[in-house]
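Student: next come a sequence and a model predicted from it.
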Amino acid sequence: MAQKKQTYREAINEIEEILDKIENDELDVDELVEKVKKVTELLRFCKDKLYATQDEVEKALKDIDN
Amino acid sequence: MAQKKQTYREAINEIEEILDKIENDELDVDELVEKVKKVTELLRFCKDKLYATQDEVEKALKDIDN
Amino acid sequence: MAQKKQTYREAINEIEEILDKIENDELDVDELVEKVKKVTELLRFCKDKLYATQDEVEKALKDIDN
Amino acid sequence: MAQKKQTYREAINEIEEILDKIENDELDVDELVEKVKKVTELLRFCKDKLYATQDEVEKALKDIDN
Amino acid sequence: MAQKKQTYREAINEIEEILDKIENDELDVDELVEKVKKVTELLRFCKDKLYATQDEVEKALKDIDN
Amino acid sequence: MAQKKQTYREAINEIEEILDKIENDELDVDELVEKVKKVTELLRFCKDKLYATQDEVEKALKDIDN
Amino acid sequence: MEGQLTLTQLNERIKSTLQDAFSEQLWIIAEIAEMKVNRTGHCYLELIDKENKTEEITARARATIWSWQFRFIQPYFETTTGQTLSAGLKVLISVSIEFHEVYGYSLNIKDIDPTYTLGDIARRRAEIINRLSDEGIIDMNKEIPLADIPSRIAIISSPTAAGYEDFINQLYNNQAGYHFYTKLFAATMQGNEAAKSVITALDAIYDYEHLFDVVVIIRGGGSQVDLACFDDYNLAQHIAQFPLPVLTGIGHEKDDTISDLVAHTRLKTPTAVAEFLIGKLNVVDNELETLKFALEEISSNKLSEEENRVNHALRMLKPFVVNKIEKSKRILDQKNMRVKSAVRGEINQQQLALTHFFTALSSDSQLYLKLKNKELQTLSSKATLKTKFGISSEKQHLAAIERSISTGIKQLVDKQKYRLQSLEKNKELVDPITILKRGFSITLKEGKAIKNDSHVSEGEYIETILAEGKIASIIQKKE
């Protein structure tokens, strides 16, 4: 889906935004854990795209007749 | 307690404010004990918060690799 | 006693005031003994307060290191 | 005695007054002896008072150091 | 004697009065002897009084040193 | 004698009166001898009195210096 | 009929006439319509010429290339042009005209100039490129952004081709373990049917466009020179306008085909395409790793920065506090010292003042007494002086009186003497005695001469002096 293609970039943008904030001291220690968790989630999401098998895609491809 | 609601940032600011006052002789002997106690409390609070944060961050980072 | 309520700062100010009077010859010999006694009392009060403060502060500081 | 009630300051003032009179020839020979006696009495009074003061003051000052 | 009650000041005044009279020729030769005798008496009186005063003053001054 | 009671001052006055008369020619030859005799008598009297006075005065003055 | 010729004679005469007319070799341009090589290596061709626009065949000729020549000509041509020497090509050939009595007219090809064919191909390619360009589609496929993670791949390939196998192996055995999704859309990848076949495959993929990130056209293991089909306009048009990025890996080392040109990305071989795709995922993976590393670093920096801050505050606290207390102690000590010195100073000052007063008293009173003494002495000498002066001035007074007495008397006496003298003289004239002797008498009242009767009264006692003797009488009557 088109949205799926965008999500990776968005995820990356969000990660970079958060990293910038941490680096530029715009983030309090209080917020740090939450934000780090958010980044790891996003990274996990992106990595899954690289490594994980998406069954529905596999199935869809199998269904194509040619 | 009210202190629990205090953020790390506020605690650090308060610590630095008190330290400045001690350094710049803006503090009376009368206030000294109280203020030193306050600073030690705040430092303990910050340290605890910092260690907790560190643990959580490390845990989050480990989660990415799994 | 009323003196217990006196702050270190007030004591120092009073010492200073009496000293100024002695130094500027505003004091009669007749008053001298009384004033000197007052000053020594104030000095003693300040010393005691200072040492008490030192003890308390050192205790507080030791607590941090543990 | 009335003299006991006299302050050191008053005594000094009286001494100075008499000395001024002697110096400015405002005194009769007839009065001289009496006045000189008065001054010596006053001086003795002041001296005594001063020594007493000194003793008390030194005692008070020693107390500070202990 | 009445003369003892006379003060140094009165004696001096009388001397000067008599001297004035002698000078101004208001004095008869007839009275001269008597008046001169009077003057010498008065001078003697003054001198004695002065020496006595000096002695007493010195005695008084010595008393202070003791 | 009545003359002894006469004062130096009266004597001098009488002398001068007679002298005035002689000078003003108010005196008859007849009286002259008699008057001259009178004057010499008076002069003698005055001289004696004066020298006696001088002696006594000097004696008195010597007493002052002693 | 005389002069009648046999076919053989005719053909012999044609042959000799042709030989005379075309004794030399000629360079001619023709299109290869057919071409085959027999077992012995001889190459038999059919050459044609076409009307440019109508494509109507305007000439046809058989041609041969003898095997010994073909062995040189063919590789030279093919390596120079990158094209298989095959039907459809336009060629510039050096020919000799042959005429065989039995087989008739044919051309024996001695040489082919590959530069002509090259030019022709280039021209045709340029035409196609111009056309694609004019139609505005030449870069269309390039403009489609390639997905960041192009893992869903539609493959157009011959399923039996070694290149396809290489591609699949390469992709699925990637070291990182990236997961790819592939779907093969089989097509003929060489020969005249190839373009059409690939287009059919593209159309099939088009129906499932949303399931794919990328289309891959690969060919491998086939002839390196059989690429003309990928210069096909129709194929190029399809590729260019395909809504998914098309990657090519059709195995040509030298020039790009037009298909390569319009494709999103042109790669040399199927393996290269696989590497390219893995590389894309690698980039993402690296980016993710970088971000992860950055996250680690930044958050640990942040935390250690904060830890430093806290530790710094902790380290500073003690010295600050100790310093503060020491300072306060010093201040107290200073105050203590100040108290002592001020108090002692004050007492010393007072002592000095008392001593001063005493000295002043003693000197003042002595001075006073001296003054008085002097006054007395002055008075005493004044008394002596004045008394002595008084007496001596009295003496002078007396002396003056004495002097004036003696002078007064002397003058008086002198005066009397003179008077006496003049009287003596007058006496001569008015000597009363003389007069008296003449009978005159002097009447005296109380010793004084009466010169006027007003001086006397009746009954008074008067004396009358005569020249000789005196008469005493009482006045009885005044006349």
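Tutor: Received it, and whenever you're ready, just let me know what you need. Source: prediction; values computed, not measured.

Student: give the contact list for the residue of chain G found nearest chain C.
Tutor: Nearest residue of chain G to chain C: G:Ala342, at 4.3 Å (C-beta to the nearest C-beta). All C-beta spots, glycine's among them, are computed from the backbone N, C-alpha and C. For G:Ala342, the contacting residues are C:19, C:22-23, by C-beta atoms under 8 Å, 6 or more residues apart in numbering or on different chains.

Student: so for the helix or strand encompassing G:Gln396, mean pLDDT?
Tutor: Per DSSP states H and E: G:Gln396 is located in helix G:270-430. Mean pLDDT, helix G:270-430: 85.

Student: that one: how far from the chain's middle?
Tutor: Using C-alpha atoms, centre = their mean, to the nearest Å, the mean C-alpha position of helix G:270-430 is found 60 Å from that of the whole chain.

Student: with stretch G:24-31 instead?
Tutor: From the chain centre to the centre of stretch G:24-31 is a distance of 77 Å (C-alpha atoms, centre = their mean).

Student: once you drop chain neighbours, what's closest to G:Lys50?
Tutor: Of all residues not flanking G:Lys50 in the chain, G:Ile57 sits nearest, at 5.8 Å (C-beta to C-beta, 6 or more residues apart in numbering or on different chains).

Student: quick one: contacts for that neighbour?
Tutor: By C-beta under 8 Å, 6+ apart, G:Ile57 lies in contact with G:48-50.

Student: before we move on, back to that, restricted to helices, list the contacts of G:Ala342.
Tutor: C:19, C:22-23 (DSSP state H).

Student: most neighbours, which of those residues?
Tutor: Highest neighbour count within the ones in helices among the contacts of G:Ala342: C:Ile22, with 21 neighbours (other C-beta atoms under 10 Å in any protein chain shown).

Student: and residue 64, how many neighbours?
Tutor: Let's take chain A. Using other C-beta under 10 Å, A:Ile64 has 16 neighbouring residues.

Student: actually it's chain G I care about, not the one you picked
Tutor: Neighbours of G:Thr64 (other C-beta under 10 Å): 17.

Student: next, it: secondary structure please.
Tutor: strand (DSSP: H, G, I helix; E, B strand; the rest coil).

Student: which parts of chain A are helices?
Tutor: Under DSSP H, chain A gives helices at A:2-23, A:29-51, A:55-62.

Student: find the closest residue to chain C in chain A.
Tutor: Here chain A gets closest to chain C at one residue, A:Val29, 19.1 Å apart by C-beta to the nearest C-beta.

Student: tell me how far the residue of chain G closest to chain C lies from chain A.
Tutor: From G:Ala342 across to chain A, the span is 54 Å (C-beta to the nearest C-beta, to the nearest Å).

Student: excluding chain neighbours, what is closest to G:His264?
Tutor: In space, G:His264 is closest to G:Pro245, 3.6 Å off (C-beta to C-beta, 6+ apart).

Student: could you do G:Thr257 as well?
Tutor: G:Phe230 (3.6 Å).

Student: roughly how far is the helix or strand encompassing G:Ile156 from the heart of the chain?
Tutor: Following DSSP H and E, one finds G:Ile156 within strand G:152-157. Distance, stretch centre to chain centre, for strand G:152-157: 54 Å (C-alpha atoms, centre = their mean).

Student: got the angle for that strand vs helix G:270-430?
Tutor: Compare the direction of strand G:152-157 with that of helix G:270-430 by axes from the mean of the first three to the mean of the last three C-alpha atoms, to 10 degrees and you get 140 degrees.

Student: tell me, how many residues neighbour G:Ile250?
Tutor: 30.

Student: my guess is it contacts G:Ile218. True?
Tutor: Yes - using C-beta atoms under 8 Å, G:Ile250 is in contact with G:Ile218, at 6.7 Å.

Student: and chain G, what are its domains?
Tutor: The record's domain parsing of chain G by automatic domain parsing lists G:7-132, G:138-285, G:431-479.

Student: could you list every residue that touches the closest residue in space to G:Leu235 that isn't next to it in sequence?
Tutor: Of all residues not flanking G:Leu235 in the chain, G:Ala195 sits nearest, at 4.3 Å (C-beta to C-beta, 6+ apart). G:Ala195 sits next to G:229-230, G:232, G:234-235 when contact means C-beta under 8 Å, 6+ apart.

Student: with that, I have no additional questions.
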